[in-house]
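need the 3D shape of this:
(one chain, ligands or ions: 2)
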Amino acid sequence: MKILNADQIRALDQSTIQNEPIAPINLMERAALAFVDWFVDHFSDKKTTKIFCGLGNNGGDGLAIARLLLERDYPIEIYVVRYAPRESDDFMHNHRRLKLVTDSVRYIESSDDIPSIRHNEVVIDAILGSGLSRPTEGIVKSTIEAINRAPAMVVAVDIASGLYTDQPNTSTDVIIEPDYTISFQLPKLAFILPKNGRYVGEWQIVNIRLHKRYIDLAPTPYYYTQARDARLLLRKRDRFSNKGSFGHALLLVGSYGKIGAAVLSARACLRSGVGLLTVQVPACGYAILQTAVPEAMCLPDTDEHYLTGQSAVDSLPPATFSTLGIGPGIGKNPGTLTMLRNLLPTLEKPIVIDADALNLLSEHRDLLDKLPRNSILTPHPKEFERLTQPWANDYQKLDSLRDFAKKYKVVVVLKGAYSAVATPDGDIHFNSTGNPGLSTGGTGDVLTGILTALLAQGYDPIEAAVLGVFAHGLAGDKAAEKRGPVGMTASDVIDALSWT
Ligand SMILES: NC(=O)C1=CN([C@@H]2O[C@H](COP(=O)(O)OP(=O)(O)OC[C@H]3O[C@@H](n4cnc5c(N)ncnc54)[C@H](O)[C@@H]3O)[C@@H](O)[C@H]2O)[C@@H](O)CC1
Ligand SMILES: [K+]
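Numbering: from 1, shown residues only. Ligands and ions are numbered 1, 2, ... in the order given. From the prediction side, this is the model:
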């Protein structure tokens, strides 16, 4: 699914109005109805609901929502925040319609007009939407502050008033802090960025049938991966395939005390469809790996505690494997650095790089230029910061992510809520699955195993990253359903992996 910017959202509305065609007021009605459908589902107990409306089309939505909820016998109080002399045409239109069913529209012009809000009430925020162009001030700001102080549930229409759709807010901006945001048709970039969490709450998209062709043609670097997108990427297996059809991966993983990382990445790789798997671990990990993961072949390194790339037994040269996954648990021993230094220039096919392999890259940046094109790097934000530099806000972080992926021609998976997959072409795919339970040791090793398996099977690296991150998050969600986000472990994530 695409994520469009505020200008494109405006143009999309216009395109819908012209091409469907539909009168603007009817499109607003459709939006209001979609909101109300959600609302009556979630707030069926008909608590007193205070609706705060601005003077633009977000306010127009609010007035239409008020009328529709009145028709459904909700106890509604309507407040219009009068911060400017003029209202939008569709606001006026809905104002007239509302007047036909109720007289009790109240106006907020000064702080004295702001009503008190009690804990068993619900607030609908329709003050400002995607038309926001400057920080909130005056009576808008005071009203937002009063709503934020109130103990009531708050539901934002389209986007929280005061939150920009696609650009950074400053730390002094006053913004609604909703429990829910119900947004129209497409997610907004603002919803996906960590610093905005409290200005978004739980968010949901409702479909208002905006012009599909406009959306299909609209250029954007931002995508949001949902189940149907992931499903399209998943390949079917040929009835006549054999284990040779799905590649032979080599994992270079583990060090003394961290053989668990090797086991987790190997198990995840096998659960993700790799044909054959060889795992090279320091000699101390040999018996552990052979016992814990009997499906994998094991190459003990000549070093007891660290990977050096030298194997005690004969093996294929790394470049002959379908792909490699390097990093989980390897540490930063000088011998391991030498291994990486010798290995990278010999490789031509994309590989997966994680954890301490990334930290070695950030400490020896000349190695970045030696990465095989389209390799997948999987940093968490701290590791990514070490590879680049600190950022002032989430938007700068995205710029930095995109620049890095383009410069080194790699795919970067920035892990976290809504993990971001940045491509060498400058696109960013945000993931929709996953939960805070994934913030536990070993889940990164699992992701490395998954991505290595997908590359080994011949998936294009961007598709592998988008699909692998989605499947990893989904398995995390299934593990959390069973154990709760607190109780789940990386092994539960592996057990919950499914590719259907
Ligand atoms: N255009 C359409 O056809 C549709 C629009 N919809 C609604 O329309 C909203 C966008 O409406 P508008 O473009 O009228 O914009 P808003 O309702 O978000 O804002 C209204 C106007 O307030 C002014 N403004 C900007 N920042 C301000 C600030 N900080 N303080 C005070 N005034 C400020 C601007 O002049 C802006 O146009 C969407 O968020 C959505 O809720 C929906 O009804 C769906 C259909
Ligand atoms: K709003």
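
residues contacting Leu447?
Counting by C-beta atoms under 8 Å, 6 or more residues apart in numbering, Leu447 makes contact with Ala268, Asp354, Thr378, Val413, Lys415, Gly468, Val469, His472. For the C-beta atoms, the positions are set from N, CA and C on the backbone; glycine is no exception.

and it, what helix or strand is that in?
helix 443-456 (DSSP states H and E).

export only the CA atoms of that helix, formatted as CSV.
Extracted C-alpha coordinates of helix 443-456, given in CSV (Å, rounded to 0.1, in the frame of the first residue of the first chain):
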residue,chain,number,x,y,z
THR,A,443,14.9,-12.1,17.4
GLY,A,444,17.5,-10.3,15.2
ASP,A,445,19.3,-13.6,14.7
VAL,A,446,16.0,-15.1,13.6
LEU,A,447,15.6,-12.3,11.1
THR,A,448,19.1,-12.9,9.7
GLY,A,449,18.2,-16.6,9.2
ILE,A,450,15.0,-15.8,7.4
LEU,A,451,16.5,-13.3,5.0
THR,A,452,19.5,-15.6,4.3
ALA,A,453,17.0,-18.4,3.4
LEU,A,454,15.0,-16.2,1.1
LEU,A,455,18.2,-15.0,-0.7
ALA,A,456,19.3,-18.6,-1.0
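
which residues touch Val313?
Counting by C-beta under 8 Å, 6+ apart, Val313 has contacts Leu299, Pro300.

for Leu340, see how far away it is.
21 Å (C-beta to C-beta, to the nearest Å).

also Tyr286?
Distance from Tyr286 to Leu340, by C-beta to C-beta: 21 Å.

settle it for me: which of those two has more neighbours?
Of the pair Tyr286 and Leu340, Leu340 is the one with more neighbours under other C-beta atoms under 10 Å, namely 22 against 19.

sorry, back to before: which of the contacts of Leu447 sits closest to Ser142?
For the contacts of Leu447, the minimum distance to Ser142 (C-beta to C-beta) is 39.9 Å, reached by Lys415.

and that closest one, what does it touch?
Thr378, Pro379, His380, Pro381, Gly444, Leu447.

rerun at 7 Å
Residues counted as contacts of Lys415 (C-beta atoms under 7 Å, 6 or more residues apart in numbering) are Thr378, Pro379, His380, Gly444.

neighbour-wise, which one of these leads?
Thr378 (29 neighbours).

and His429, that one's in a strand?
Yes - residue state for His429 (DSSP: H, G, I helix; E, B strand; the rest coil) corresponds to a strand.

where does Tyr418 land in three-state SS?
coil.

oops, could you answer that again for Leu337 instead?
Three-state assignment for Leu337 (three-state DSSP): helix.

touching, it and Asn359? I think so.
No - using C-beta atoms under 7 Å as the test, Leu337 is too far from Asn359 to be in contact (10.3 Å).

residues in contact with the strand or helix carrying Glu383: which ones?
When elements are defined using DSSP H and E, Glu383 is found to belong to helix 381-387. With contacts defined as C-beta under 7 Å, 6+ apart, helix 381-387 is touched by Leu358, Asn359, Leu361, Ser362, Pro379, Phe404, Leu414, Gly416.

change it to 8 Å
So helix 381-387 is contacted by 355, 358-359, 361-362, 368, 377, 379, 391, 397, 400-401, 404, 412, 414-416 (C-beta under 8 Å, 6+ apart).

cross those against helices and list the overlap.
Judged by DSSP state H, helices contain the following of the contacts of helix 381-387: Ala355, Leu358, Asn359, Leu361, Ser362, Lys397, Ser400, Leu401, Phe404.

filter the contacts of Leu447 down to just the ones in strands.
If you go by DSSP state E, those have Val413 in strands.

and the contacts of Leu447 as a markdown table, adding distance to ligand 1 and pLDDT?
Converted to a markdown table, these look like this (distance: C-beta to the nearest ligand atom, whole Å; pLDDT from 0 to 100):
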| residue | distance to ligand 1 | pLDDT |
| --- | --- | --- |
| Ala268 | 42 | 98 |
| Asp354 | 40 | 98 |
| Thr378 | 36 | 98 |
| Val413 | 32 | 98 |
| Lys415 | 31 | 98 |
| Gly468 | 35 | 98 |
| Val469 | 30 | 98 |
| His472 | 33 | 98 |
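
list the buried residues in stretch 260-279.
Under the neighbour-count criterion of 16 or more other C-beta atoms under 10 Å, stretch 260-279 has 260-279 buried.

now do the same end-to-end measure for that stretch.
13 Å (C-alpha to C-alpha, to the nearest Å).

name the nearest of the ones in helices among the contacts of helix 381-387 relative to ligand 1.
Distance to ligand 1, by C-beta to the nearest ligand atom, is smallest for Lys397 among the ones in helices among the contacts of helix 381-387, at 25.0 Å.

now the angle between helix 355-363 and the helix holding Leu447, please.
Relative orientation of helix 443-456 versus helix 355-363 (axes from the mean of the first three to the mean of the last three C-alpha atoms, to 10 degrees): 90 degrees.

Val154 is in what secondary structure piece?
Using DSSP H and E, Val154 sits in strand 153-157.

enumerate the residues of this structure near ligand 1.
The chain comes close to ligand 1 at residues 13, 24, 27-28, 31, 54, 56-59, 61, 83, 88, 128-136, 140, 157-158, 184, as judged by C-beta under 6 Å from any ligand atom.

drop anything exposed from those.
13, 24, 27-28, 31, 54, 56-59, 61, 83, 88, 128-132, 136, 140, 157-158, 184.

so of these, which ones are in helices?
Asp13, Pro24, Leu27, Met28, Ala31, Asn57, Asn58, Gly59, Asp61, Val140.

ok, now which ones touch the second one?
Taking C-beta under 8 Å, 6+ apart as the contact definition, Pro24 lies against Asp13, Ile17, Asp89, Asp90.

give me the subset of the residues you listed touching ligand 2.
By C-beta under 5 Å from the ion, no member of the contacts of Pro24 lies near ligand 2.

how many other residues sit next to the residue in the stretch 201-350 of the chain positioned nearest to ligand 1?
Using C-beta to the nearest ligand atom, the closest approach of the stretch 201-350 of the chain to ligand 1 is made by Ile208 at 6.3 Å. Number of residues near Ile208 (other C-beta under 10 Å) recorded here: 18.
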